[in-house]
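[1] coordinates for the following, if possible.
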Amino acid sequence: MNPFDPTLLLTQELLRRPSITPQDEGCQAHLAQRLAARGFTAQHLPFGAVQNLWVRRGQQAPLIVFAGHTDVVPPGALEGWDSPPFEPTLRDGYLIGRGAADMKASVAAFVTALEDFLERFPNPPCSLALLLTSDEEGPATDGTVRVVQWLREHGQIPDYCLVGEPTSVHTLGDTLKNGRRGSLSGTLTVRGKQGHVAYPHLARNPIHLVAPALTEWTRIAWDEANEHFPATTFQITRIQGGAGAGNVIPGEVVIGFNFRFSTASPEQSLRQRTEALLQRHGLDFSIRWELGAQPFLTGGTTLVRALQSAIGQVTGLTAQASTSGGTSDGRFLITLCPEVVEFGPCNATIHQRNECIAVDDLPRLSAIYRQVLHTLAFPEQPHDAP
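    Numbering: from 1, shown residues only. Down below sits the predicted model:
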């Protein structure tokens, strides 16, 4: 462990800032100032309470973008932490702190990779950019999605975008994300007739009415896994009913649910199949639908190959391309950029107490990002030294 490693030092600096969504606590301004010394021009793009940053250097194609977020989830009860969550702590070869893995280490590695790359190649045949938001862990309404709109309006279209989400599972470099499943949520309201529990013949219990449909609903195989995506999954997330008294049959029941779906089951087909099932059971119902993300896939593209090559050079591993897990800001970036891939540190402790990253992974992560830049900027040249 090198206590003076630049990626470690910058990660520690970022971890000291309690940037709980949508707060940024000066992270972006600090990084913009640091990159200004390397010729980057900053655009600070606040929308509502959210801070966003776009820094770019050069006007030549291709435009290579690193993308991430400076916000973190709340630490929860402090007594559950072995050390204060916003005081970066080194212990047993790990750097501990809220946001260490998700994703301040990646942000720091982005910056040091850019600095190292430009130290070696002061005038590369490409443009470089960093996109940061403070709204990824929150509603995601005033963050990357708004920056994407701004970039489109200003004609700044990336050719490649590497998102620093923590994708590794067991060890740095074992997994990258070349796509994500879609997310479709809904709130189902089933109406009956309120009444006294002693006179059920005068009422219609919506919980009883919907129960057979729920049983069938949870047993449906929506599709099958394919080469790129796992099978679509369905989960009921809440059931609310009752009038506040034990002797009252409720007049309605409200059920929350979510689909994580692949390209094999388009959003509209999930809606239609769900509503057809409920109609077949003769229910008086309504559904409020909410589309969180469409599925996307970046196949065996230039960026995927460049990243797998860089990972192999630095770690010796062959990274598996995966589309599992939750949604990310990649769902917004793919609408602007043709190649979006996610790669970052191990995700075993993200959103947990004592969130951490292996200290030795920090310089390796930076080296991987730098090698990707080299491969994309100089596709005809031999690989850069790790």
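
[2] run the chain-centre distance for the helix or strand bottoming out on mean pLDDT in the chain.
    Scoring the helices and strands of the chain by mean pLDDT, DSSP states H and E places strand 296-297 at the bottom, with a mean of 90. If you compare the mean C-alpha spot of strand 296-297 with that of the full chain, they lie 14 Å apart, counting by Cα atoms, centre = their mean, to the nearest Å.

[3] other SSEs contacting that strand?
    Contacting strand 296-297 under the criterion 3 or more Cβ pairs under 8 Å, 6 or more residues apart in numbering; DSSP states H and E are the following elements: strand 179-180. (Glycine included, C-beta is placed from N, CA and C.)

[4] distance of S322 relative to M103?
    For S322, the distance to M103 (Cβ to Cβ, to the nearest Å) stands at 17 Å.

[5] comparing those two, which shows the higher neighbour count?
    M103 (30 against 19; other Cβ atoms under 10 Å).

[6] for the more buried one, report the pLDDT, please.
    Predicted confidence (pLDDT) for M103: 97.

[7] so who does the residue nearest the centre of the chain touch?
    The C-alpha lying nearest the average C-alpha coordinate of the chain belongs to S328 (Cα atoms, centre = their mean; 2.4 Å). S328 makes contacts with 136, 163, 165, 177, 180, 342, as judged by Cβ atoms under 8 Å, 6 or more residues apart in numbering.

[8] again, but for S127
    With contacts taken as Cβ under 8 Å, 6+ apart, S127 has the following neighbours: 56-64.

[9] which non-adjacent residue is nearest it?
    Ranked by Cβ to Cβ, 6 or more residues apart in numbering and with sequence neighbours excluded, the top spatial neighbour of S127 is G58, at 3.7 Å.

[10] picking up where we left off before, which of the contacts of S127 tops the neighbour count?
    I64 (24 neighbours).

[11] so what's that one bridging to?
    When assigned by DSSP bridges, I64 has beta-bridge partners L128, Y160.

[12] what's the closest non-adjacent residue to W289?
    With Cβ to Cβ, 6+ apart as the criterion, W289 has its nearest non-adjacent residue at 5.0 Å, and that residue is G186.

[13] was I right about the one you found contacting L270?
    No: the pair G186 and L270 does not pass the contact test of Cβ atoms under 8 Å, sitting 9.1 Å apart.

[14] ok so, going back, ok, and what's touching the least confident helix or strand of the chain?
    Among residues not part of strand 296-297, those counted as contacts by Cβ under 8 Å, 6+ apart are 178-180, 228-229, 263, 323, 330-331, 334, 340.

[15] and those, which is closest to Q313?
    Taking Cβ to Cβ as the measure, Q313 lies nearest N178 of these, at 18.9 Å.

[16] could you check how many residues crowd around the nearest residue to V72 once chain neighbours are set aside?
    Using Cβ to Cβ, 6+ apart and skipping residues adjacent in sequence, the residue nearest V72 is G99, 3.8 Å away. When counting by other Cβ under 10 Å, one arrives at 30 neighbours for G99.

[17] helix, strand or coil for G68?
    For G68, the secondary-structure state derived from DSSP: H, G, I helix; E, B strand; the rest coil is strand.

[18] the closest residue to it other than its chain neighbours: neighbouring residues, count only.
    Take G68 and drop its neighbours on the chain: the residue closest to it by Cβ to Cβ, 6+ apart is G164, 4.2 Å away. When neighbours are counted by other Cβ under 10 Å, G164 registers 26.

[19] now do G164, the pLDDT please.
    In this model, G164 is scored at 98, pLDDT.

[20] how far away is it from A264?
    G164 sits 29 Å away from A264, going by Cβ to Cβ.

[21] what do you get for A203?
    42 Å.

[22] same check, this time on P158
    Taken as Cβ to Cβ, the span from P158 to A264 is 28 Å.

[23] the strands in the stretch 51-200 of the chain, which residues?
    For the stretch 51-200 of the chain, strands defined by DSSP state E, counting those that start in this stretch occupy the ranges 52-57, 63-69, 89-91, 94-96, 127-133, 160-163, 175-177, 179-180, 182-191, 195-196.

[24] okay, how far is it across stretch 25-42, tip to tip?
    Stretch 25-42 stretches 17 Å from its first residue to its last (Cα to Cα, to the nearest Å).

[25] ugh, typo on my part, it should be stretch 111-127
    The stretch stretch 111-127 measures 15 Å between its terminal residues, going by Cα to Cα.

[26] any idea how far that stretch is from the chain center?
    Counting by Cα atoms, centre = their mean, stretch 111-127 is centred 26 Å from the centre of its parent chain.

[27] please apply the same query to stretch 220-237.
    With Cα atoms, centre = their mean as the basis, stretch 220-237 stands 20 Å off its chain's centre.

[28] just the C-alpha atoms of it, please, in CSV.
    Taking C-alpha atoms only, stretch 220-237 is exported to CSV below (Å, rounded to 0.1, in the frame of the first residue of the first chain):
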residue,chain,number,x,y,z
ILE,A,220,-46.0,-16.3,-14.5
ALA,A,221,-42.8,-16.9,-16.4
TRP,A,222,-42.6,-13.6,-18.4
ASP,A,223,-39.8,-14.7,-20.7
GLU,A,224,-36.6,-16.7,-20.7
ALA,A,225,-33.0,-15.7,-20.2
ASN,A,226,-31.1,-15.0,-23.3
GLU,A,227,-27.4,-14.4,-24.3
HIS,A,228,-27.4,-11.0,-22.8
PHE,A,229,-30.2,-10.7,-20.2
PRO,A,230,-31.5,-12.8,-17.3
ALA,A,231,-35.2,-13.6,-17.4
THR,A,232,-37.7,-10.8,-16.5
THR,A,233,-38.6,-10.8,-12.8
PHE,A,234,-41.7,-9.6,-11.0
GLN,A,235,-42.0,-8.7,-7.4
ILE,A,236,-44.8,-7.4,-5.2
THR,A,237,-43.3,-4.6,-3.0
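
[29] domain-wise, how is the chain divided?
    Segmentation of the chain into domains, based on automatic domain parsing, reads 6-180+295-377, 182-293.
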